[in-house]
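Trainee: Below: sequence and its predicted model.
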Amino acid sequence: MSLIKKERKKERKARMCLNFYLLDTPEDHELLEKIETLRHRDRWSVTQFLKEACIEYVGRHFPGNPGPPLNHWIDGEPFSEAAQEKLRKRATVAEKGSRLSDEDFARLFPEHARRMREEAQKRR
């Protein structure tokens, strides 16, 4: 994205010109059509539409994820839901050890179990 500052002669307001590109794909064409439909319905310019979208996005996500990373824990603070789930999985594996059934393994680690099945099928 490039940033170009311009000054309009009539209004003397400084402006910033931002450029962005979409790919020539069906998905991006569909996105552009939806943007055009929404902005025409609300009678907004492209500038107003994109500015409102950016304001909404920044309002939801700035300054970032407020939660501590999973490998960070403060004494007395509760674990996040994701960290608790990770600990439950580890506790189940530690408790059952090598007795962990294929069904339990697949339930606890679905992505890893899927990859293991695919690799086993390739070897056959």
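Mentor: Right, received. Where do you want to start? Since the model is a prediction, treat every value here as computed from it, not as a measurement. Numbers count the residues shown, from 1 in each chain.
Trainee: ok, and the closest non-adjacent residue to residue 39?
Mentor: Excluding its sequence neighbours, the residue lying closest to residue 39 (Cβ to Cβ, 6 or more residues apart in numbering) is residue 49, at 4.2 Å. In this view, the C-beta of every residue, glycine as well, is placed from N, C-alpha and C.
Trainee: which ones are touching the one you found?
Mentor: 35, 38-39, 42 (Cβ atoms under 8 Å, 6 or more residues apart in numbering).
Trainee: hmm, try it at 7 Å
Mentor: Counting by Cβ atoms under 7 Å, 6 or more residues apart in numbering, residue 49 touches 35, 38-39.
Trainee: Buried only: go through these for me.
Mentor: The neighbour count (16 or more other Cβ atoms under 10 Å) marks residue 39 as buried among the contacts of residue 49.
Trainee: among the contacts of residue 49, which are in helices?
Mentor: The helices, defined by DSSP state H, take in 35, 38-39 from the contacts of residue 49.
Trainee: Pick out whichever of those residues sits closest to residue 102.
Mentor: residue 35 (47.4 Å; Cβ to Cβ).
Trainee: just to revisit the earlier point, please produce a markdown table containing the contacts of residue 49, extended by pLDDT and distance to residue 86.
Mentor: Output for the contacts of residue 49, formatted as a markdown table (pLDDT from 0 to 100; distance: Cβ to Cβ, whole Å):
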| residue | pLDDT | distance to residue 86 |
| --- | --- | --- |
| 35 | 92 | 39 |
| 38 | 91 | 39 |
| 39 | 92 | 43 |
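Trainee: Can you find the helix or strand in the chain with the smallest mean pLDDT?
Mentor: strand 3-7 (a mean of 61; mean pLDDT, DSSP states H and E).
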